[in-house]
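**Student:** Could you work out the structure for the sequence below:
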Amino acid sequence: MFYYFAKSKFKNSLIYHYTPQRLHQITGISINTIRKHIGILKKYNLVEFHHGNLLFRSLFKINNDLGIEDKFYELESVPWNTLKDFKDKYYLKILKINYKAQVLYEKMNILIDGSLKNHLSKSSLKRYRRIAKKKYFEVKSDIFFSTRQIGRLFGYSHTWGLMMLKRLENKKMLTYKKIIRRIKELKEKIDIKLLNFYNIGYYYIKDSILYLHKGLSISFQ
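**Tutor:** Alright, predicted model coming up:
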């Protein structure tokens, strides 16, 4: 994240007469943090020094050299005001990628019988994947997230995942809603733990009614 945020502050990705103090004045990031991250970027060949100037290498060019299809370089184009703003845009990007991956997975399940997946050649799988990516091929089933899944995606707790979603919604980056289904009125006690073990989402009981919380439906703005 430091790479994208710092890089967005300079035209042509070049910092003339670089010093940690100068970068601190422009970004607001502490000098110690700057020194630490610039060292890491240099180690992985993401920055270069030329006659006292610091150059952030283009991820687009690096990915082309390595044959990697990575769209994160699209985040470079906007000069973000704060690192926190950039982080939220980064989180949104990851959520969109995860959503597209789930959609592609559902499409592949429609195209290919599960028992055949392990027996198809790489070329056949690529052909099916190309078909699945076509815009006219839509998935009717819903794609759900959970705050626990989102938290785990970024290495945090489900509470963090919920707070992050609320923050992105307040910034009008996305909207989300809980998908809850009323299952039935209970006449006797049931083992909720057993139901939650075998099903997607989770069941809960309120006023003797069994409900299924299927997850969160997210719409990206």
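**Student:** C-alpha only now, for contacts and for neighbours.
**Tutor:** OK.
**Student:** check which helix or strand covers Lys93.
**Tutor:** Here Lys93 sits within helix 83-111, counting by DSSP states H and E.
**Student:** tell me, what residue is most central in this structure?
**Tutor:** Nearest to the geometric centre of the chain sits Ile94, at 1.3 Å (Cα atoms, centre = their mean).
**Student:** ok, that one to Gln25 distance?
**Tutor:** According to Cα to Cα, to the nearest Å, Ile94 and Gln25 sit 29 Å apart.
**Student:** likewise His51?
**Tutor:** 21 Å.
**Student:** And Met173, by the same measure?
**Tutor:** Distance from Met173 to Gln25, counting by Cα to Cα: 29 Å.
**Student:** more neighbours, these two?
**Tutor:** Met173 (15 against 11; other Cα atoms under 10 Å).
**Student:** need the contact list for the more buried one.
**Tutor:** Counting by Cα atoms under 8 Å, 6 or more residues apart in numbering, Met173 touches 92, 220-221.
**Student:** What subset of the residues you listed is buried?
**Tutor:** For the contacts of Met173, a burial check counting by 16 or more other Cα atoms under 10 Å picks out Leu92.
**Student:** Pick out the lowest-pLDDT one from the contacts of Met173.
**Tutor:** Within those, pLDDT reaches its minimum at Gln221, with 79.
**Student:** you'd agree that one is up against Leu174?
**Tutor:** Yes. Counting by Cα atoms under 8 Å, Gln221 touches Leu174, with 5.1 Å between them.
**Student:** Sketch out the helices for this structure, chain order is fine.
**Tutor:** Assigned by DSSP state H, the chain shows helices spanning 2-7, 20-27, 31-43, 59-66, 83-111, 122-132, 147-154, 158-170, 192-198.
**Student:** TSV for those, including distance to Lys206?
**Tutor:** As requested, the helices of the chain are exported to TSV (distance: least, Cα to Cα, whole Å):
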stretch	distance to Lys206
helix 2-7	46
helix 20-27	50
helix 31-43	49
helix 59-66	51
helix 83-111	31
helix 122-132	40
helix 147-154	21
helix 158-170	22
helix 192-198	12
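**Student:** Please identify the most buried of the ones you listed.
**Tutor:** helix 2-7 (a mean of 21; mean count of other Cα atoms under 10 Å).
**Student:** Have a look at the protein and report the helix or strand with the lowest mean pLDDT.
**Tutor:** helix 59-66 (a mean of 55; mean pLDDT, DSSP states H and E).
**Student:** Spell out which residues make up each domain of this protein.
**Tutor:** Residue ranges for the domains of the chain, per automatic domain parsing: 2-72, 86-132, 147-220.
**Student:** Lowest mean pLDDT across these, which one is that?
**Tutor:** Comparing mean pLDDT across the domains of the chain, the weakest is domain 86-132, with a mean of 73.
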